[in-house]
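Colleague: generate coordinates for the sequence data below:
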Amino acid sequence: MKAEYINPFLESARVVIEQMVSIRPETGQLGIKEVIFVENYIWIQIGMTGQMSGDIVFGISEPVALKLVSAMMGGFAITEIDEIGKSAISELGNMISGNASTMLFNQGVKVDITPPKVLHSAQAAGFTPHKALTIPLIMEGIGELDIQVLIA
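Modeller: Residues are numbered from 1 along each chain as shown. Just a heads-up that it's a prediction; the model follows:
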């Protein structure tokens, strides 16, 4: 795995989050870790095909997801991740991945992305643990969004 695979997703996430919630996220420490789907998290899984194949997984704890969706909806208080909340989180993942795929294309790497899957539980993921390149984005007043790149 190469660190440059995650850079377009990192930069795209920073730009999209800043546009959507008016917060410029700070970058946490890049690392490699075992991706294990845990409960009380919202997972956004986006597949990639082409010159890079694998998955991009965004992991957000439920309390952070509630704050993020609330900020995306102009501060409207959200108390549960309902269909509108899932749609907002899904669109956030879609925008980040779409922008990142454009950045990769501009670097000469052709990839296509699949529509995002929003997974509310580890069991729903049907996902086996993998090692992934991972980096957290820290959103002041909201919490962390983990970006995990699993390249085949």
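
Colleague: any low-confidence regions in the protein?
Modeller: For the chain, applying pLDDT under 70 flags the ranges 1-3, 121-129, 152.

Colleague: what's the following helix or strand after the top helix by length along it?
Modeller: Secondary structure of the chain read by DSSP state H shows that its longest helix is helix 83-106. Following helix 83-106 in sequence order, the next helix or strand is strand 111-113 (DSSP states H and E).

Colleague: other SSEs contacting that following strand?
Modeller: Judged by 3 or more Cβ pairs under 8 Å, 6 or more residues apart in numbering; DSSP states H and E, strand 111-113 is in contact with strand 41-50, helix 83-106. In short, each C-beta sits where N, CA and C put it, glycine included.

Colleague: can you pull the contacts of residue 40?
Modeller: Counting by Cβ atoms under 8 Å, 6 or more residues apart in numbering, residue 40 touches 61-62.

Colleague: next one: phi and psi at it?
Modeller: Main-chain dihedrals, residue 40, degrees, to the nearest 10: phi 60, psi 30.

Colleague: run a quick check on residue 135 versus residue 28, I expect a contact.
Modeller: Yes: Residue 135 lies in contact with residue 28 (Cβ atoms under 8 Å); the separation is 5.9 Å.
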